[in-house]
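In: Generate a structure from the sequence data that follows.
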Amino acid sequence: MTTNDRDLRVDFAGELFTVTPPQRFSVGRQGDLELDDNPFLHRRFVEITHSGDHWWVDNVGSRLSLSLTDGHGLMRAVLGPSARMPIVFPRVVLSFAAGPTAYELYLMTTVAGFAPSHHPASYSSGDTTVGPERFTPAQRVLMLALAEPVLRRVGSGSSKIPASADAAKRLGWSITRFNRKLDNVCDKLSAAGVAGLRGTSSGQATNRRVALVEYAVSTLLVRAADLPMLDIEYRANTQHDEPRESQPAGEDR
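Out: Next up, the predicted model:
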């Protein structure tokens, strides 16, 4: 394997870096990628090194965490302070937030040893696993509207999840209709044992949207390939002066 074969490419907002072993690459207010305009960020937060057959990501900060997501959004790991992890996929999204600002870096290498895959669910005899009922088309597009930023940009954090009013507007729905269907989706998943989906206060309501998106994306209830459904729903609801409020009996459930 040549040196070039082991290079790591880093893409930050179109700014490209090439790292060749035994070079290190650091991110922080003082680093190879210098983000000096954010006082909430550590001077040295992320350090990427090559050891053995892999590149490694180290969280060398003391307060912030970072996330590593494979290029397809199927697997995600969170690294707290002092944690480290090898880059095992050809394309990885490194994301983190410092204060009000969120950052995303794309890490690309040819030395990764694995590729994410999705296998269709298999079924066997025995007791039925408890899970949510099937979702209506309206409930699916609701989850899509909330998860759209995450699906469009792999590795995006919870700060990108839209408010209910914005998600309702994306669908061409009234906020009343959106909240009613959100309650129905959360009730359905809560009954199936999914935690964090019952909220009453404003903060809890935000948390349940985050929990819903994390569950829907991680279990492939919604996928990037489903995103065209959002435009179809919006056009269907905005071709008249008012958004449609009528629906077939039982649609909410």
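In: quick one: average pLDDT of stretch 76-85?
Out: What stretch 76-85 shows for mean pLDDT is 91.
In: which of the residues in that stretch are buried?
Out: The neighbour-count check on stretch 76-85 (16 or more other Cβ atoms under 10 Å) flags 76, 79, 85 as buried. The way it works is simple: take the backbone N, C-alpha and C, and place the C-beta from them, glycine included.
In: Of these, just say which sits nearest to residue 18.
Out: Closest approach to residue 18 among the buried residues of stretch 76-85 (Cβ to Cβ): residue 85, at 21.4 Å.
In: so that closest one, which of the three states?
Out: Three-state call for residue 85 (DSSP: H, G, I helix; E, B strand; the rest coil): strand.
In: ok, now which ones touch it?
Out: Going by Cβ atoms under 8 Å, 6 or more residues apart in numbering, residue 85 touches 56, 57, 68, 77, 79.
In: and with 10 Å instead?
Out: Residues near residue 85 by Cβ atoms under 10 Å, 6 or more residues apart in numbering: 54, 56, 57, 58, 59, 66, 68, 77, 78, 79, 92.
In: Doesn't the second one belong to a strand?
Out: Yes: per three-state DSSP, residue 56 lies within a strand segment.
In: these two touch, right, it and residue 49?
Out: Yes: in this structure, residue 56 is within contact of residue 49 by Cβ atoms under 10 Å, at 5.4 Å.
In: any common contacting residues for these two?
Out: residue 84.
In: higher neighbour count, the two?
Out: The residue with more neighbours, out of residue 56 and residue 49, is residue 49; 18 against 14, by other Cβ atoms under 10 Å.
In: And the strands in the chain, which stretches?
Out: If DSSP state E is used as the criterion, the strands of the chain fall at 8-12, 15-19, 25-28, 33-34, 46-51, 54-59, 66-70, 76-79, 84-86, 91-98, 101-109.
In: how about a markdown table for those, with distance to residue 211 added?
Out: Output for those, formatted as a markdown table (distance: least, Cβ to Cβ, whole Å):
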| stretch | distance to residue 211 |
| --- | --- |
| strand 8-12 | 29 |
| strand 15-19 | 34 |
| strand 25-28 | 29 |
| strand 33-34 | 32 |
| strand 46-51 | 27 |
| strand 54-59 | 24 |
| strand 66-70 | 16 |
| strand 76-79 | 15 |
| strand 84-86 | 24 |
| strand 91-98 | 18 |
| strand 101-109 | 19 |
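In: show me where pLDDT drops low in the stretch 101-250 of the chain?
Out: Within the stretch 101-250 of the chain, the stretches with pLDDT under 70 are 112-133, 154-159, 199-206, 240-250.
In: rerun that using 80 as the cut-off
Out: Filtered on pLDDT under 80, the stretch 101-250 of the chain yields the residue ranges 111-133, 153-160, 198-207, 218, 240-250.
In: Contact partners for the nearest residue to residue 41 once chain neighbours are set aside?
Out: Using Cβ to Cβ, 6 or more residues apart in numbering and skipping the chain neighbours, the partner closest in space to residue 41 is residue 98 (4.0 Å). Going by Cβ under 10 Å, 6+ apart, residue 98 touches 28, 29, 35, 38, 39, 40, 41, 42, 45, 61, 63, 64.
In: now the residue most central in space within the chain: how far from residue 64?
Out: By Cα atoms, centre = their mean, the chain has its centre lying nearest to residue 150, at 4.2 Å. Counting by Cβ to Cβ, to the nearest Å, the gap from residue 150 to residue 64 is 20 Å.
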